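Engineer: Build me a model from this:
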Amino acid sequence: MQKNKTAVKKKSISSRQTQRHVHEFEGSTKLAEQGADRHNHRFAGVTGQAIRQGRSHIHEIDLTKTDFLNHFHNLRKIRTGPAIPVGNGKHVHFVTGQTTLNDGHVHQFNFATLIQQPLV
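Structural biologist: Modelled structure (predicted):
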């Protein structure tokens, strides 16, 4: 005997709560330290939602950990540059900055986000 399934009520999102787009990203820091301690870190994540800025928008990145190499670094309160069109109505963002201080050093980085909604 099959039980009656309860209908699932979906929440609707008001226009003020509509999710704006995000971007995936991945990158590597520049090398830091000298000699046998010279190293870099890799990282990956998803940006925050689009933040309107002038005629374009930016995204905030708040990544809590890079890959592990006896220590971690964070990418805290990093902001992307404005949208850079790449054709077909799509865009990327350029990002530059530095990690948090850990183990007595920081790392610089430069990367571009991946294209928003690549399959849509």
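
Engineer: Any regions of the protein where pLDDT drops low?
Structural biologist: 1-19 (pLDDT under 70).

Engineer: Need the single longest strand in this protein, by residues.
Structural biologist: Ranked by residue count and defined by DSSP state E, the top strand of the chain is strand 90-98.

Engineer: Tell me which residues touch the residue positioned nearest the centre of the chain, please.
Structural biologist: The centre of the chain sits closest to residue 47, judged by C-alpha atoms, centre = their mean, with a distance of 3.0 Å. By C-beta atoms under 8 Å, 6 or more residues apart in numbering, the contact list for residue 47 reads 22, 23, 24, 25, 59, 60, 61, 80, 93, 113. For every residue, glycine as well, the C-beta is placed using N, CA and C.

Engineer: Please pick the buried ones from those residues.
Structural biologist: Burial by neighbour count, 16 or more other C-beta atoms under 10 Å: within the contacts of residue 47 this picks out 22, 23, 25, 59, 61, 80, 93, 113.

Engineer: Ignoring the adjacent residues along the chain, who's closest to the second one?
Structural biologist: In other words, residue 23. Sequence neighbours aside, residue 113 is the residue nearest to residue 23 in space, at 3.7 Å (criterion: C-beta to C-beta, 6 or more residues apart in numbering).

Engineer: Please flag which of the buried ones among the contacts of residue 47 sit within helices.
Structural biologist: Among these, the subset assigned to helices under DSSP state H is empty.

Engineer: Could you export those residues as JSON lines, including distance to residue 37?
Structural biologist: Formatted as JSON lines, the buried ones among the contacts of residue 47 follow (distance: C-beta to C-beta, whole Å):
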{"residue": "22", "distance to residue 37": "35"}
{"residue": "23", "distance to residue 37": "33"}
{"residue": "25", "distance to residue 37": "27"}
{"residue": "59", "distance to residue 37": "33"}
{"residue": "61", "distance to residue 37": "26"}
{"residue": "80", "distance to residue 37": "30"}
{"residue": "93", "distance to residue 37": "32"}
{"residue": "113", "distance to residue 37": "30"}
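
Engineer: Out of these, which comes closest to residue 103?
Structural biologist: residue 61 (21.3 Å; C-beta to C-beta).
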